[in-house]
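Chemist: No letters, just coordinates:
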């Protein structure tokens, strides 16, 4: 599942993204600095970040690419351009360098200079870890050192309107060992919240600059900004042992989880300012639910999982990955949603690129496609972790891993599974050591019935904290089989989520399902369909969901409001198959809904 | 009711608006053209329109103001400034005149030049009709003649991004008899819909420039733009006998009425682009429902009423006036909502001026307060009409009217009523003529029981088309009493309005009612309240609504979504008084909702 998704990303998405970057404004905005283009600067102020995210994706993918592959060559061409475009002192930002009227770091609200630099640093970290694109590390560290020289003073209040550099600097510290990067990341976090950025059209809260982090109690403002900021806070907290900063991140995450998270695992209900919204304000039709917010939520939950070991963060990662992130890309890997609603209305006006009727190949603000590429090319890194205790399997996926455990002994895991389409996860464990260690297998929060066998023998395991733990000597080869029972199930919203009152959603395992117009009988309007119940007994092995439904139509079709409602008419029941939410919109355009009203 | 509202407008709102206009950027942007200010141009590109709408309000109010009143003097001062700021050839726009780099009419998408001119023309029409501010008519006609010279050619494709000049030009034609104004208005309408304005960030549909009017089938784009455009279309259709154009307006109005109108009588569900939204996309919490859209809807319905005589348009005017328009102003007349939601959530972030927790004294884009002032100072003009048949009473309001009927005989009507707080409307009719004529009294669509007496005797009248018609000789004095039974009632939404599924609203007569946090028992969260039913028998005379309610709380308060919903807990029932929707938010800040979920 993840492997084939990654393969599609490497084979289809990555060339698509590279072509758009090389043929578009992201390239020419840099090429005009070296005289290779005479086009004016166009597009968003942060088109450089599209280049960096694409390079990061190529770096993660490099181990799958043959030497001389076109994607590697295209990446080298981009690195070459960056190296030549970079100022002698290390500064690099095509928007600022290309306009002599714009001083460096003069537009902290909207300039995205540190945001863009952060993506450069992350690309360089990927290059360093994957041992490719070596010149990129030089470009990045020269730029980072300049940033620290210019803005690093303890007294300097400068922060960027868009967080991102914080987490990137911690990663660059991890990759280089240069402590000043970590210290600057910490200072960026503590500078924030003093309204230094000013109000802007959307207010200080949009930038998370209204309350100091350590005092903040609620998730606010632009969703991607909030989530990247939290990721940086966890990174700094972990590296510096700052429990207060970690508590901040957990507190805001709790606020998101309690009342500001879509069922698909993404945040952000408002189009106007791409912001998170009020508690329980979760409209499915106007969900903004930006693809980049989903990616950021996944990365944040991963950091919180590593920081705390708590399974709820892995559960959240899974929900986000298989729903909000997966839905954003077409099955062929070359078309994308910028926002990811849970309901597309009949009669929808799809002319806006942030609320189209179908996925689009590219965007005016093209942040999402290369962000997807960098996440999916590295998705294998999120499946397993090791600790002093042993190995933790968070996200089962078919494939093999060779791990070095504490104590220096090597372990090989071969995983066979079709998860999340099926709940059976087979793991062959091989190791030469006698020393006991713990294999911890996550039992997802959605799963109420599961079983575990080792070499065919039932193990009487529990998972009170979300992990079934097998501690033993694994010498020789052993077969572990985790069976997660994944019947189709209904999901109900908290009663305060007004926008989906009277509705349920259908799920199976971690996958949400959706009712799509293409599957309805001719002439049935999606908004008139009501759920009677599941059409099968819910225990079948078919990885789909079939519902029994009726059509309820108003006896007063022309009346938008009435004091004398008619009884309505109800059709004969019929069965209809839902599609996995992430697969909707890959056929003809049409209405879709995840939350289905129940029959009266 | 309307009289006291108008008095508050004249005594409180108008001075407030004049002060903000005179002390703010609307004034200095003009004063810098004459050297009386050295401030830079600031604010929206169309701040001149604030001046014009304010002058229009003063003109309508002038008959209530003593000679030498400060408001008249302030208006004269503004007219004087306009006269001096106007270019010798008649051009007048402080944004364009104040920036030599900006050619005239060079930014049709966003420049609002014809929009602004339209408000000048409307102010001049009011001045001419009320016989005040005579220099304003000269300023306006000189400007209008220049516009026609510059843009009037049959071949010129120029249209303004914001419709408004069309209806204004028809009014100016009516006031001056200058046919070229009408012809240009018609050309503006037919130029539209050919994508001449380009795409912009929001697409051609935002400007209603995607489809020619005569082919358009659905309401689209920015709500105020759509509604002003429709008003202009009706005006041109009526003056030119263009049935196709009138059919366009009726068709789009039908589309609005069927699926795109808030219960409060306003359109526009989206904050992002202030647009109307998809069919049945009517979220109460994120209702944009702009005050100016409500005013525009009222003006459009008025024009359609005059063009067709159909009571449904008068019903719509009433709903909009007493709810969406009335709610926008504080009871003291000096604070305003820009958008008018039907639900303010507990925990709402009120830092955005278009979604505050309480009404604000002024706005960055200050279009609404002066627009309210010009509407309410002229509200008496919308109550009655005359025709060859007689007199039509559309909106009963306490007061007197002396009318000249066709045939030249004078009629005096003295109306005594507390409508809409009470359903009794007493009309004393006096006339000296024997000639029979028809007194038509609108029976609102919400009213299912009503009675009519003349001089104390019951009349067996019906109102098949929404009007009870009394045709007779009215010589001498006669007392007509219309009694409209107005019990509290519930209103249900069409089942496709997902955002308020499982909810009802409460109304009494044309007034919506709202549940406000200030009226709830201590500690009760508004979102947890469920309606059991009306607390009285619904036939009382008290002009309020009292409901019986319970508090339902989730047994799993921390779970946003669950597959194992608990049974919930339900409190003992309690009674609570609702407030008329237009009165909410005049006490302490707090949550509010019009649509109340019903108890399970």
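Modeler: Yep, that arrived. Values in this document were obtained by computation on a predicted structure and should not be read as measured data. Residues are numbered from 1 along each chain as shown, chains lettered A, B, ... in the order given.

Chemist: pretty sure residue A:190 belongs to a helix, no?
Modeler: Yes. The assignment for residue A:190 by DSSP: H, G, I helix; E, B strand; the rest coil puts it in a helix.

Chemist: and it, what pLDDT?
Modeler: Looking at residue A:190, its pLDDT is 97.

Chemist: Wait, it touches residue A:229, no?
Modeler: No. Using C-beta atoms under 8 Å, residue A:190 is not in contact with residue A:229; the gap is 12.0 Å. All C-beta atoms are positioned from the backbone trio N, CA, C, and that covers glycine.

Chemist: Return every residue with contacts to both of the two.
Modeler: Jointly contacting residue A:190 and residue A:229 under the rule C-beta atoms under 8 Å, 6 or more residues apart in numbering or on different chains are residue A:213.

Chemist: the more surrounded of these two?
Modeler: With neighbours defined as other C-beta atoms under 10 Å in any protein chain shown, residue A:190 and residue A:229 compare such that residue A:229 has more, 31 against 14.

Chemist: What score does that one have for pLDDT?
Modeler: For residue A:229, pLDDT reads 98.

Chemist: who touches the residue lying closest to it once chain neighbours are set aside in this structure?
Modeler: Of all residues not flanking residue A:229 in the chain, residue A:163 sits nearest, at 3.8 Å (C-beta to C-beta, 6 or more residues apart in numbering or on different chains). The contact partners of residue A:163, taken as C-beta under 8 Å, 6+ apart, are A:115, A:188, A:192, A:208, A:225, A:228, A:229, A:232.

Chemist: Chain B: which of the residues you listed is nearest?
Modeler: For these, the residue nearest chain B by C-beta to the nearest C-beta is residue A:208; the value is 12.6 Å.

Chemist: Which positions in the stretch 301-450 of chain A make contact with chain B?
Modeler: Contact residues (C-beta under 8 Å from any C-beta of the partner chain) of the stretch 301-450 of chain A with chain B: A:343, A:345, A:346, A:347, A:348, A:349, A:351, A:352, A:446.

Chemist: State the distance from the closest residue to residue A:423 other than its chain neighbours to residue A:421.
Modeler: Excluding the flanking residues, the one nearest residue A:423 by C-beta to C-beta, 6+ apart is residue A:484, at 3.5 Å. According to C-beta to C-beta, to the nearest Å, residue A:484 stands 12 Å off from residue A:421.

Chemist: These two - which one has more neighbours?
Modeler: Comparing residue A:484 with residue A:421 by neighbour count (other C-beta under 10 Å), the higher total belongs to residue A:484, at 25 against 15.

Chemist: Is the helix or strand bottoming out on mean pLDDT in chain A positioned near chain B?
Modeler: Lowest on mean pLDDT, DSSP states H and E among the helices and strands of chain A sits strand A:569-570, with a mean of 91. No. Against chain B, strand A:569-570 shows no contacts by C-beta under 8 Å from any C-beta, the least distance being 11.2 Å.

Chemist: How about stretch A:260-269?
Modeler: Yes. Using C-beta under 8 Å from any C-beta, we find that stretch A:260-269 touches chain B at A:261, A:263.

Chemist: what's the answer for stretch A:509-522, then?
Modeler: No. Stretch A:509-522 lies out of reach of chain B by C-beta under 8 Å from any C-beta, never closer than 10.3 Å.

Chemist: Can you get me the start-to-end distance on that stretch?
Modeler: Chord length of stretch A:509-522, first to last residue, is 30 Å (C-alpha to C-alpha, to the nearest Å).

Chemist: Stretch A:212-222 too?
Modeler: End residues of stretch A:212-222 are separated by 16 Å (C-alpha to C-alpha).

Chemist: Tell me the buried residues in it?
Modeler: Within stretch A:212-222, the residues that count as buried by 16 or more other C-beta atoms under 10 Å in any protein chain shown are A:213, A:216, A:218, A:219, A:220, A:221, A:222.

Chemist: same check, this time on stretch A:6-22
Modeler: A:6, A:8-10, A:12-18, A:20-22.

Chemist: can I get the residues you listed in TSV with pLDDT?
Modeler: As requested, the buried residues of stretch A:6-22 are arranged in TSV below (pLDDT from 0 to 100):
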residue	pLDDT
A:6	98
A:8	98
A:9	98
A:10	98
A:12	98
A:13	98
A:14	98
A:15	98
A:16	98
A:17	98
A:18	98
A:20	98
A:21	98
A:22	98
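
Chemist: Can you give me the pLDDT of the residue in the stretch 51-200 of chain A that chain B sits nearest to?
Modeler: Using C-beta to the nearest C-beta, the closest approach of the stretch 51-200 of chain A to chain B is made by residue A:199 at 9.2 Å. Here the pLDDT value assigned to residue A:199 is 88.

Chemist: now residue A:233
Modeler: Predicted confidence (pLDDT) for residue A:233: 98.

Chemist: which element is it on?
Modeler: helix A:223-240 (DSSP states H and E).

Chemist: C-terminal to that helix, what's the next element?
Modeler: Sequence-wise, the next helix or strand downstream of helix A:223-240 (DSSP H and E) is helix A:243-259.

Chemist: What is the helix or strand following that following helix packed up against?
Modeler: Per DSSP H and E, helix A:243-259 leads on to helix A:291-308 as the next helix or strand towards the C-terminus. On a contact count with 3 or more C-beta pairs under 8 Å, 6 or more residues apart in numbering or on different chains; DSSP states H and E, helix A:291-308 meets helix A:223-240, helix A:243-259, helix A:311-319, helix A:368-377.

Chemist: Make TSV out of the ones you listed and add distance to residue B:535.
Modeler: Below are the helices and strands packed on helix A:291-308 laid out as TSV (distance: least, C-beta to C-beta, whole Å):
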stretch	distance to residue B:535
helix A:223-240	42
helix A:243-259	31
helix A:311-319	43
helix A:368-377	52
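
Chemist: do you know which of those helices lies nearest residue A:40?
Modeler: helix A:368-377 (22.6 Å; C-beta to C-beta).
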